[in-house]
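# this is a predicted model, with the sequence first.
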Amino acid sequence: MATIESIEKAYIDFVLTEGEQPKSVYVFAKKNKMPEEEFYRFFASFDAIEQHIWTKFAVKTIAEIKAQEIWVQYTAREKALSFFYAFFELLKSSRSFVVYSIKKQPKTFSTPQIFQGIKDVFESFCNDLITEGLESNELSERKFFSNRYKDALWVQLVFVLHFWINDNSTGFEKTDEAIEKGINVTFDLFQRSPIDNLFEYGKFLAKNGGIKEKMGFGNN
Amino acid sequence: MPPYLKNNNMSDNTPKEQNSIPTSKVQRSAKFVTTGFKIGGNYIKHYSKKLFNPEMDKSELNEDNASDIYESLSELKGSALKVAQMLSMDKNLLPQAYTDKFSQSQYNAPPLSGPLIVQTFKKYFGKTPDKIYDKFNVRSSNAASIGQVHQAELNGKKLAVKIQYPGVGDSISSDLKLVKPFAFRMLGMSEKELDVYMKEVEERLLEETDYELEVRRSIEFSNACAGLDNVVFPKYYPELSSKRIITMDWLEGKHLREFLQTSPSQELRDLIGQALWDFYNFQQHELRAVHADPHPGNFMITPDGKLGVIDFGCIKEMPEDFYYPFFSLTSTGLMENKQETIKAFRQLEMIHANDTPAQIEFYYTMYRQMIGLFAKPYITDHFDFGQTEFFEELYGFGEKVSKMPEFKQARGVKHFIYVNRTNFGLYNILHELKARVKTDTFKPHVVEVFA
């Protein structure tokens, strides 16, 4: 009797051995000695399997980091860092599959089909921690922009994924560095920064328009 | 406004691109950065003095230098931090403001985030730190040059856990490549000549990133030095250490600078100074391998007045063909024998095979004087490191020498880099302590005739 896990396993084994997706569900089902409809009970297509595997990576990571004692003490920034480290630690055990799965994606700016599920999970995770960060004033509330913070983190995740699959350093230390530096910069931007102050100063000057003449800085 | 304030402000600016610094300044900062490559600790003293004391000669050196140097160092991070540390070691030679700045450099590396620490533990032990120790503080208590220190507790024992920044090892070689052009300009050496010194530094720095090696050596050295009076070492836990993590006992005490601020008595300062002297000379003359990082931050003074040694990252081993010619020169017997002294200088490559008789005479006189100065504490059985005359004489000589074109190119075997750093570092700490030391406790082994 096939299960989600057994199909996933068989699928991963197939793509890693053959270097490509099975020609059809029929071929795949026959090879694994199950009726084709059994396959459809769990997945609609091969991409659906990959999507599911990716989603599971994120779900597992989140469950794992939340179980750590220290989790409750973490700031939003540290929670994000924690996700990234744990996520890539988890991916290590499936690196071949990850490399295969990412390399076959066409290079476009839109999110590939197989990332739809993980993106939802990741964004809802990010939303939680951003809300938390905004409430504690760790992050700066900015009109229009604060809603986009999660997108910035998703871009980071995709970036680090590509970095990681090309990382040749021992123990993927370079990826650790990329995470540490990248997430810190991202959160530095989320925080109240000189740009906010500059912006506010500009607003102030605009409101108190006539000030130039009064101070004698006019064009005379 | 005092110059150092100005510099502090300047260093807040984002580091400038290197090529925007005028060439002459580059050369000056190069002198600073690469001082470690010059034989003779006098050089560093001279250059630093010259750097910060413009009236000493016509050069338009000004306070911008420190800032430039600092910027170029901060661009290099990692191993450059180490160079900055080497420099800040010579505290009393540099004006306070600059030294403070350099000492800061070791705190400038951004601290590792909590999650990265957790990740490092998971990577090497498969467990999070709270599963390994009873208590673990994710906020670091100190920065080390290539890592940071955390407090932990296990079975009621307070522990210090040192964690290395990721990627330090990888960046060393590339950092040193960056230093290279500076060194070329300053020393006017051929690439081949320079490589010898560079390799030596690279080797030591790479060793420092190997925490497994450090634990092994720490245990070895603390056992070997266990018999010394008033020197204590933390206990190391190899089973709780790995390539990037070291666990050892937490040593209570004050760092040297804090200790000096409590205005300790002469007796106590003598005692600590003696412990330092014994620790170094026992290693040099009995073990022939020495803790080559006499940075004040590597020592603690414990509440019961003992010297605690906490970092064995940098060990310099001295081969026989360096040890005997060099330390034999500290004995008056050899120094009075010109023929044998020249032989020793040849072995140490301070006099080269193709030197003319005039050159031989010149280098013989200069080096004899230089080593004579260095060996002063060894000649008598007591030495007062508090006296400023000795140090002034030392710097004065260094100054004189560095003005001589004959010393533009580097001479001397590669071992001088770390041996000089060690001994001048030691002298400086002792000077800072104003310690009076019995110097005949562990005497150099001397040969008076060379093959």
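It's in. Being a predicted model, the structure only gives us computed values, none of them experimental.
# what values do phi and psi take at A:Tyr100?
phi -60, psi -50 (degrees, to the nearest 10).
# and the gap between it and B:Gly425?
54 Å (Cβ to Cβ, to the nearest Å). Where you see a C-beta, it was placed from the backbone N, CA and C, and this is true even at glycine.
# what about those two, which has more around it?
A count of neighbours by other Cβ atoms under 10 Å in any protein chain shown puts B:Gly425 above the other of A:Tyr100 and B:Gly425, at 23 against 18.
# flag every residue of chain B that's near chain A.
Counting by Cβ under 8 Å from any Cβ of the partner chain, chain B comes close to chain A at B:110, B:112-116, B:118-119, B:122-123, B:128, B:130, B:138, B:166-167, B:170.
# same thing but 6 Å
B:113-116, B:119, B:128, B:130, B:166-167 (Cβ under 6 Å from any Cβ of the partner chain).
# show me just the buried residues among the residues you listed.
B:113-116, B:119, B:128, B:130, B:166-167 (16 or more other Cβ atoms under 10 Å in any protein chain shown).
# mind putting those residues in CSV, secondary structure and pLDDT included?
Below are these laid out as CSV (DSSP: H, G, I helix; E, B strand; the rest coil; pLDDT from 0 to 100):
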residue, secondary structure, pLDDT
B:Ser113, coil, 87
B:Gly114, helix, 89
B:Pro115, helix, 91
B:Leu116, helix, 90
B:Gln119, helix, 88
B:Thr128, coil, 89
B:Asp130, helix, 87
B:Pro166, coil, 78
B:Gly167, coil, 73
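# give the contact list for B:Thr330.
B:375, B:378, B:444 (Cβ atoms under 6 Å, 6 or more residues apart in numbering or on different chains).
# just give the closest residue to it, not the sequence neighbours.
Of all residues not flanking B:Thr330 in the chain, B:Ala375 sits nearest, at 3.8 Å (Cβ to Cβ, 6 or more residues apart in numbering or on different chains).
# can you give me the strands in chain B?
Residue ranges of the strands in chain B, as given by DSSP state E, are B:135-136, B:142-143, B:147-154, B:157-164, B:231-232, B:245-249, B:254-255, B:289-291, B:299-301, B:307-309, B:315-317, B:382-384, B:436-438.
# could you tell me the least trusted of the ones you listed?
When the strands of chain B are compared by mean pLDDT, strand B:142-143 comes last with a mean of 72.
# given that strand, what are its sheet partners and their directions?
Using DSSP bridges, the strands paired with strand B:142-143 are strand B:147-154 (antiparallel).
# contacts for the partner strand, please.
Residues contacting strand B:147-154 (Cβ under 6 Å, 6+ apart): B:111, B:133-137, B:140-142, B:159-165.
# rerun that using 7 Å as the cut-off
Contacts to strand B:147-154, defined as Cβ atoms under 7 Å, 6 or more residues apart in numbering or on different chains, come from residues B:111-112, B:133-137, B:140-142, B:158-165, B:250.
# which residues sit against the helix or strand hosting A:Leu134?
Assigned by DSSP states H and E, A:Leu134 belongs to helix A:116-135. The contact list for helix A:116-135, computed with Cβ under 7 Å, 6+ apart, reads A:51-52, A:54-55, A:57-59, A:62, A:76, A:79-80, A:83, A:111, A:139, A:141, A:146, A:149-150, A:153-154, A:157.
# what about the helices in chain A?
A:4-18, A:25-31, A:36-42, A:46-67, A:76-91, A:95-103, A:116-135, A:149-165, A:173-190, A:194-207, A:211-214 (DSSP state H).
# tally of neighbours for the closest residue to chain A within the stretch 351-451 of chain B?
Going by Cβ to the nearest Cβ, chain A is nearest to B:Tyr418 of the stretch 351-451 of chain B, at 27.0 Å. Residues within reach of B:Tyr418, counting by other Cβ under 10 Å, total 24.
# likewise for the one 4 residues further on?
Neighbourhood size, B:Thr422 [other Cβ under 10 Å]: 22.
# now the one 10 residues further on
A total of 18 residues lie near B:Glu432 under the criterion other Cβ under 10 Å.
# ok, B:Lys135 - how many residues close by?
With other Cβ under 10 Å as criterion, B:Lys135 counts 12.
# can you check A:Val27 too?
12.
# equivalent analysis for A:Asn137, please.
When neighbours are counted by other Cβ under 10 Å, A:Asn137 registers 10.
# for it, give its distance to A:Thr75.
11 Å.
# swap in A:Phe43?
39 Å.
# check A:Ile7 too.
From A:Ile7 over to A:Thr75 (counting by Cβ to Cβ), the distance is 40 Å.
# more crowded one of the two?
A:Ile7 (21 against 17).
# identify the farthest-apart pair in the residues of chain B next to chain A.
B:Asp130 and B:Gly167 (25.3 Å; Cβ to Cβ).
# where in the stretch 251-400 of chain B is pLDDT low?
B:398-399 (pLDDT under 70).
# need the strands of chain B in CSV with distance to A:Lys30, can you?
Formatted as CSV, the strands of chain B follow (distance: least, Cβ to Cβ, whole Å):
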stretch, distance to A:Lys30
strand B:135-136, 54
strand B:142-143, 62
strand B:147-154, 56
strand B:157-164, 53
strand B:231-232, 73
strand B:245-249, 51
strand B:254-255, 73
strand B:289-291, 69
strand B:299-301, 72
strand B:307-309, 70
strand B:315-317, 65
strand B:382-384, 90
strand B:436-438, 87
